[in-house]
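Novice: Turn this into a structure:
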Amino acid sequence: MKDNSLQLDAMDLMLIAELETDGRQTNTDLAKKIGTSKATARRKLRRLLDEGIIKVVAVASPPALGYKTVATMGINVRPGEVDAVADKLSSYKNVHFVIISTGRYDIIAWMMFHEPDDLSAFLRKELGNIPGLTSVETMINLKITKASFTYLASNDHALEGES
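Specialist: Predicted structure coming up:
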């Protein structure tokens, strides 16, 4: 995603905030809420989508999809191998967030599995084969109390029923 923050006007930000609240709104509804015409709302929405500034997606509750095991990993790697390890982690279907960071860990990854045995297999068969790892701390997430994907909307719509 490109850094387009300097190209966003007040109406773009209002449009994003409205979509964060409900991504299923029609162009007519969006236009009314942000105070513009339907054509302008449609044009602005199309630009935000085309330029990769936003994506309108469904966010499912992991437990509803059968994910019983959620884990966060703090990973350290040999100098110069952070990007390669992050790219490899990103290629796994069960890994949903990969963050290159500073501090205690070089990389933080968040992943979900249907069963604890699936996490165990990932640790032994997949993670163990990634070159450059120096240490891994795996933390089982006992309960997700907030999972928010809103940045502008005033009402934070966290996933409900997470555990």
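Novice: Can you give the distance of stretch 94-109 from its chain's centre?
Specialist: 12 Å (C-alpha atoms, centre = their mean, to the nearest Å).
Novice: what mean pLDDT would you report for it?
Specialist: The predicted model assigns stretch 94-109 a mean pLDDT of 97.
Novice: got it, and stretch 119-130?
Specialist: On average, the pLDDT along stretch 119-130 is 94.
Novice: One more: stretch 135-143?
Specialist: 95.
Novice: List the contacts of that stretch.
Specialist: Residues from elsewhere that reach stretch 135-143, judged by C-beta atoms under 8 Å, 6 or more residues apart in numbering: 69-76, 105, 119, 123, 127, 162-163. To be clear about C-beta, it is placed using only N, CA and C from the backbone, and glycine gets the same treatment.
Novice: how far does stretch 137-151 stretch from start to finish?
Specialist: Terminal residues of stretch 137-151 are spaced 29 Å apart (C-alpha to C-alpha, to the nearest Å).
Novice: Tell me which residues of that stretch come out buried.
Specialist: By neighbour count on 16 or more other C-beta atoms under 10 Å, the buried set for stretch 137-151 is 138, 141.
Novice: Dihedrals phi and psi, the residue lying farthest from the centre of the chain?
Specialist: When distances to the mean C-alpha position of the chain are computed (C-alpha atoms, centre = their mean), the maximum falls on Ser37, with 31.5 Å. Main-chain dihedrals, Ser37, degrees, to the nearest 10: phi -80, psi 160.
Novice: My guess is it contacts Asn27. True?
Specialist: No. Using C-beta atoms under 8 Å as the test, Ser37 is too far from Asn27 to be in contact (9.5 Å).
Novice: Same list (the contacts of stretch 135-143) but as CSV, adding secondary structure.
Specialist: Converted to CSV, these look like this (DSSP: H, G, I helix; E, B strand; the rest coil):
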residue, secondary structure
Thr69, strand
Val70, strand
Ala71, strand
Thr72, strand
Met73, strand
Gly74, strand
Ile75, strand
Asn76, strand
Tyr105, coil
Leu119, helix
Leu123, helix
Leu127, helix
Glu162, coil
Ser163, coil
